[in-house]
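Trainee: predicted model, plus sequence, below.
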Amino acid sequence: ILAIGAPGYGDFVPNTPVQSEVGIAFVFQFSNRSSNRWEALGQELHGISTVDRFGSGIALAGNGDVVAIGATGSNDNGEDSGSVRVFRYNNSTSTWNLVGGGSITGHVVQGHAGDTIAVSQDGSRVVIGVTPSIESDITGFAEIFEMGIFLIGGTFDLSVGGHGWRRWSLERIDVNSQER
């Protein structure tokens, strides 16, 4: 199973040279039974608002049943605070359903939450990275959520050096750990 985000996807805003950049994401499964090609798994997943940049970050659970998708341009909690929506695949309806009924919203203005995401093997935990713009006074950090809703382990401060800003990968954090 493969998930792909296209954060720049969107129509042009009428009477402007601006593209909406609402964003879109796709999930594919390789089918070697009959066609020997990648086929869509469920429906396309779309961003909500203009310049959300939905699909900026994307991660699949190891079992392929859960996908977390970041929208770094979301303004739900301030300009470019970012957000993440988590979906679970329903085999009987062949659709992706939103987990928790809404987005996990970033809480730092220009924090771009959802740029970096990791999902546990079974999809029960999501790690969301916050990478503020270099002009921000806030350092980068990561938060762990269980089933996309509850913060379970505090915040991992990822500041480095004297300037306190760094881009990182969450691949080194064991999101399957049972320690809290």
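Mentor: Perfect, thanks for sending it. Residues are numbered from 1 along each chain as shown.

Trainee: next up, the contacts around the residue nearest to Gln29 when sequence neighbours are not counted.
Mentor: With sequence-adjacent residues excluded and distances taken as Cβ to Cβ, 6 or more residues apart in numbering, Gln29 is closest to Leu41, at 4.4 Å. For glycine as for every other residue, the C-beta is placed from the backbone atoms N, C-alpha and C. When contacts are counted by Cβ atoms under 8 Å, 6 or more residues apart in numbering, Leu41 touches Ile1, Val27, Phe28, Gln29, Tyr89, Ser94.

Trainee: which one of those is nearest to Gln121?
Mentor: Comparing the contacts of Leu41 against Gln121 with Cβ to Cβ places Ile1 closest, at 13.1 Å.

Trainee: was I right to think that closest one contacts Val27?
Mentor: Yes - using Cβ atoms under 8 Å, Ile1 makes contact with Val27 at a distance of 6.5 Å.

Trainee: where does the residue of the chain positioned farthest from its centre land in three-state SS?
Mentor: The outermost residue of the chain relative to its centre, with distances by Cα atoms, centre = their mean, is Ser34 at 32.1 Å. Recorded secondary structure, Ser34: coil (DSSP: H, G, I helix; E, B strand; the rest coil).

Trainee: measure it to Ala40 for me?
Mentor: According to Cβ to Cβ, to the nearest Å, Ser34 stands 15 Å off from Ala40.

Trainee: please apply the same query to Asp11.
Mentor: From Asp11 to Ala40 the distance is 21 Å (Cβ to Cβ).

Trainee: please apply the same query to Pro132.
Mentor: With Cβ to Cβ as the criterion, Pro132 and Ala40 are 35 Å apart.

Trainee: tell me which of the two has more neighbours.
Mentor: Pro132 (23 against 11; other Cβ atoms under 10 Å).

Trainee: might one say that that one is in contact with Gly111?
Mentor: Yes - the criterion here is Cβ under 8 Å, and Pro132 meets it with Gly111 at 5.1 Å.

Trainee: tell me the SS of Gly42?
Mentor: Assignment for Gly42 (three-state DSSP): coil.

Trainee: just give me the neighbour total for it.
Mentor: Count around Gly42 with other Cβ under 10 Å applied: 19.

Trainee: same question for Ala6.
Mentor: For Ala6, using other Cβ under 10 Å, the count is 18.

Trainee: the stretch of helix or strand Arg85 belongs to pairs with which strands?
Mentor: Arg85 belongs to strand 83-90 when assigned by DSSP states H and E. Paired with strand 83-90 in the same sheet, following DSSP bridges, are strand 66-71 (antiparallel), strand 95-98 (antiparallel), strand 104-105 (antiparallel).

Trainee: tell me which of those sits most buried.
Mentor: Highest mean neighbour count of those: strand 66-71, a mean of 29 (counted as mean count of other Cβ atoms under 10 Å).
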